[in-house]
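Engineer: Kindly return the folded structure for what I paste below:
(3 chains)
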Amino acid sequence: MNKRKQISEIVFKLISGFCAYSLIGILLFIIGIIFVKGFNALSFEMISQTPKGGYYFGGEGGFLNAIVGSLYIALGATFIAIMIGTPAALFINVHLVRYKRTQNTIRYLLDSLWGIPSIVYGAFGFTLMLLMGMNASLLAGIITVALLVTPIMTRTFDEVLQTIPKGLHEASFALGSTKTETAFKILFKQGFSGFVTAILLSFGRGIGDAASVLFTAGYTDLIPTNLDEPAATLPLAIFFQLGSPIPEVRERAFAAAAVLTILILIISITARIISKRYLKTIIK
Amino acid sequence: MEIQNIVDSAENNFLNLNSGIESFPILRIQNLNVYAEKNHILKDINLEIPRNKITVLLGPSGCGKTTLLKCMNKLTDLYKELKVSGNIFIEQDDILNTKKDIPSIRQKMGLLSQRPYLLPMSIYKNVAYGVKLKGIRDKKLLHYSVEKNLKEVGLWEEVKDRLHSPATKLSIGQQQRLCLARGLAVKPRIILADEPTSALDPISSKIIENLFVELKKHYTIILVTHILRQAVRLADHVVFMYYGDIIEQGPPDELFNNPKTETLKKYLVEGN
Amino acid sequence: MIFRRIAVDKTNNVWMVASLATILALPLIIGIGLYIKSIPLLEYQSAGSLVTSSEWLPSQGKFGFWPFIYGSLYVTMISFLLSAPVCVFAAIYLTQYASKRIVNIFMPIVDILAGLPSVIYGVFGILVVVPFISKYLAPIFDVSTSGYCILAGGIVLSIMSIPYMLNIMIEVFNTVPIGIKEASLSLGATSWESIKHVVVKRSIPGVISAFGLGIAKAFGETIAVMMVVGNVLKISHNPFKGGYPLPALIANNYGEMLSIPKYDSALMFAALLLLVVILLINIVFRYLIYKTQIK
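Structural biologist: Residues are numbered from 1 along each chain as shown, chains lettered A, B, ... in the order given. Take a look at the predicted model:
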């Protein structure tokens, strides 16, 4: 082998490896700096109290309102996504099992939907809200985020259902099951890991998304007790507090960022563990 | 034609050189063991491949024939889960342990896979690819090589007007012959063929088989197959494998008419 | 009993079909909704002149979107230039060189990076990228900047789009059959030569699609960019100056949009613009990927 080939062989392997390993570096760097900054500022008060008087000038209190608001919105949106996404995914895999082309076209459209940015959902949610005569509220936030996460929910669940062998459907039909029974008793069970992963993924997106709730959920210092009350969210709490010139307020933004990061990490790691565990029990 | 003379005379020299060391086996395998995670896929294989003959590796599917073939030109590198130990001498070089560069040893062997795997380029470039890798850039020389090797596999007349169109437009039988021409273009001494006719129609298969009979005058051919009749038609030397072991080997008459082991007897009965 | 089962089956079918239809009709519904809201503006000025004009004075009824489109294009371009090569090489490493064990370590990392909320990337940008630019990078070029600038937006975006593009690219490279690599190696190519001439070459449509989808993703990203890009309404070719991308326009001004005539219409038009551009890019490039996977 001549020298030039030998050198390019080594050089390009090194470059490729470097690019890949730099991703680990980036992840550790991001999480590291957020944790360092965040944990320095974080106190129990912050995650257990709502803002008190003068909070936005560095006064007492915490951002419990935002944590709860985010959880409410993510839960509500995920619930709607389950109600729409599950039947849709099952439909693709049971009723359309013989129509490969239609299946592929639908998947292709769903993938394209995944690309729509959340600010567009936000703007549309806002339009919808005005149309229905609502104000910025928990409900409006939930609906908007639901629009955003439903395609994700559907496609993720579908991805796992797709791997279930076709013989299983036929066996079920042969035993006299209706399509509904096949869908919910056989496929749903077999694809349960996908279902859980899809829920967690939607939930994670719901907690973390800012642009879609910016117009629709409003912001308040109180914990919402009703669907038509506005709700604060964690990403927006971070965003607004970082805009403040007062150092104490900015510190609290970092603390909130650390809390959000922990939530997201817990969700994605759980999703991974669960999908791995259930994958073992699936007939392949 | 001048170039033709240069190339041909070079080739003759090469063939003469070849005949000088006729007594050596061209490929020698010693104590070859392959593990895939915990499975022992090839168990202590020792094998010598005779020169300018067709050696057939025969056995049921999944018995390790293909893996053995891939060890011979160290394509096992691509399968990170395989652990390979032992020696495989290609003439003098132990390809598994050499410090020499692997690509040039691999060029001593042409590969023909189960399906024609075309490179994503034109017909012309498919054949010229390996030649260019050797550092040959001269247009005339490249063209000569492309023409000569396409003629060798009987494809020249069929494709000479569309050399620069994508190779994927050929029929699957033509594609497989193109793959053979591509392999021959780097002037190998050994042709490794892994069930080369399994994806082809009977007529295309026949063409490939006939080509092998022609080619063995200049090349050593190692053919993996699970089709007993193909082995009977082509083999000069048969190696029968069963679950990672070589059970029996020898000339086809002897092996097929007087099998010594029960396994082979059973296989012959079922295979027919 | 039988009748009940059949009735359940029928009801359920309706539920399923309705769900799927809703999801699939979503882009259309969103598009129509946003279009209706932007009609007041479009009646008054054509889409073409809105997009090309650069006068933005909402209180005087002048809506020129060009500075925002320019800002978006600029940050997206920087993000693309920084992230594309990293993605290609990382994807090559993970599909061609790395062992299964290493890939199994990497995939969760890519997933976590992809799952981090954009506001977190924004915080990272403020904590790291912005000070880095103002303290270290700008002095090298002899400019002074607060660090809140186009370049900061581009860098943050590039980090965000890497996991997204990388995932698609890994899928693309994995569709190259191993037999083609074997063929190339057996002809005497080194492994890099095989990757360059065969694996990458065969994946070109897929790689281009991954690029396109990455660009679309970056183009629509809002919060993270908005946090570091400065939000300055002035066209500047200098990446150390602030910019004002289109999504940031929508997000920053929703508060006052109802108090100025046609302002809400203008913001909804901006959202429509984003939707159309991004959906088109997605449809075209996903189709390209879908085609290559079938082959």
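
Engineer: wait, what's in contact with the residue nearest to the spatial centre of chain B?
Structural biologist: In chain B, the centroid-proximal residue (Cα atoms, centre = their mean) is residue B:192; its distance is 1.4 Å. Going by Cβ atoms under 8 Å, 6 or more residues apart in numbering or on different chains, residue B:192 touches B:69, B:72, B:73, B:109, B:110, B:111, B:112, B:222, C:186. C-beta coordinates here come from the backbone N, C-alpha and C atoms, glycine included.

Engineer: Export the residues you listed to CSV and append columns for neighbour count.
Structural biologist: Output for those, formatted as CSV (neighbours: other Cβ atoms under 10 Å in any protein chain shown):
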residue, neighbour count
B:69, 21
B:72, 23
B:73, 26
B:109, 27
B:110, 29
B:111, 29
B:112, 26
B:222, 26
C:186, 28
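
Engineer: bridging residues for the residue nearest to the centre of chain B?
Structural biologist: For residue B:192, the beta-bridge partners are residue B:111, residue B:222 (DSSP bridges).

Engineer: Please tell me how far it sits from chain A.
Structural biologist: 21 Å (Cβ to the nearest Cβ, to the nearest Å).

Engineer: ok, and does the one helix or strand residue A:258 maps to reach over to chain C?
Structural biologist: In this assignment (DSSP states H and E), residue A:258 forms part of helix A:247-281. Yes - interface with chain C: helix A:247-281 contributes A:253, A:254, A:257, A:260, A:261, A:264, A:265, A:267, A:268, A:269, A:272 (Cβ under 8 Å from any Cβ of the partner chain).

Engineer: Also stretch B:137-157?
Structural biologist: No - contact of stretch B:137-157 with chain C is not found when judged by Cβ under 8 Å from any Cβ; the minimum separation is 12.1 Å.

Engineer: Which residues outside that stretch are in contact with it?
Structural biologist: With Cβ under 8 Å, 6+ apart, stretch B:137-157 has contacts from B:3-4, B:7, B:124, B:127-128, B:131-132, B:136, B:159-160, B:163, B:174, B:177-178, B:180-182, B:184-185, B:207, B:211.

Engineer: in that stretch, what counts as buried?
Structural biologist: B:142, B:144-150, B:152-156 (16 or more other Cβ atoms under 10 Å in any protein chain shown).

Engineer: Same check on stretch B:249-259?
Structural biologist: B:249, B:252, B:255, B:256, B:259.

Engineer: Summarise which helices and strands the longest helix along chain C is packed against.
Structural biologist: Longest helix in chain C, counting residues (DSSP state H): helix C:2-44. With contacts taken as 3 or more Cβ pairs under 8 Å, 6 or more residues apart in numbering or on different chains; DSSP states H and E, helix C:2-44 sits against helix A:64-94, helix A:100-114, helix A:118-131, helix A:138-161, helix A:179-181, helix C:263-294.

Engineer: Quick one, which of these gets closest to chain B.
Structural biologist: Nearest of the helices and strands packed on helix C:2-44 to chain B, taken as Cβ to the nearest Cβ: helix C:263-294 at 11.0 Å.

Engineer: If you count neighbours, what's buried in the closest one?
Structural biologist: Quick answer for helix C:263-294 (16+ other Cβ under 10 Å): C:263-275, C:277-279, C:281-283, C:285-286, C:288-289, C:292.

Engineer: Within reach of chain A, which of the residues you listed are there?
Structural biologist: When contact is defined as Cβ under 8 Å from any Cβ, those meet chain A at C:267, C:268, C:270, C:271, C:274, C:275, C:278, C:279, C:281, C:282, C:283, C:286.

Engineer: In space, what's closest to the second one - neighbours in sequence excluded?
Structural biologist: Okay, so that is residue C:268. With sequence-adjacent residues excluded and distances taken as Cβ to Cβ, 6 or more residues apart in numbering or on different chains, residue C:268 is closest to residue C:37, at 3.8 Å.

Engineer: so who does that neighbour touch?
Structural biologist: Residue C:37 touches A:127, C:264, C:265, C:268, C:269, counting by Cβ under 8 Å, 6+ apart.

Engineer: Quick check: the third one vs residue A:84, distance?
Structural biologist: Using Cβ to Cβ, to the nearest Å, one gets 30 Å for the distance from residue C:265 to residue A:84.

Engineer: same deal with the first one?
Structural biologist: Summarising the geometry, the distance separating residue A:127 from residue A:84, computed by Cβ to Cβ, is 20 Å.

Engineer: Same check on the last one?
Structural biologist: Going from residue C:269 to residue A:84 by Cβ to Cβ gives 29 Å.

Engineer: just the second one next, same as before
Structural biologist: Applying Cβ to Cβ, the value for residue C:264 to residue A:84 is 29 Å.

Engineer: do the same with the fourth one
Structural biologist: Taken as Cβ to Cβ, the spacing of residue C:268 relative to residue A:84 amounts to 25 Å.

Engineer: Tell me, how many residues neighbour residue 101?
Structural biologist: Looking at chain A here, since you left the chain open. By other Cβ atoms under 10 Å in any protein chain shown, 8 other residues sit near residue A:101.

Engineer: nope, chain C please
Structural biologist: Residue C:101 has 10 nearby residues by other Cβ under 10 Å.

Engineer: same deal with residue B:203?
Structural biologist: 8.

Engineer: Check the contact between it and residue B:174; I expect there is one.
Structural biologist: No - counting by Cβ atoms under 8 Å, residue B:203 stays clear of residue B:174, with 11.5 Å between them.
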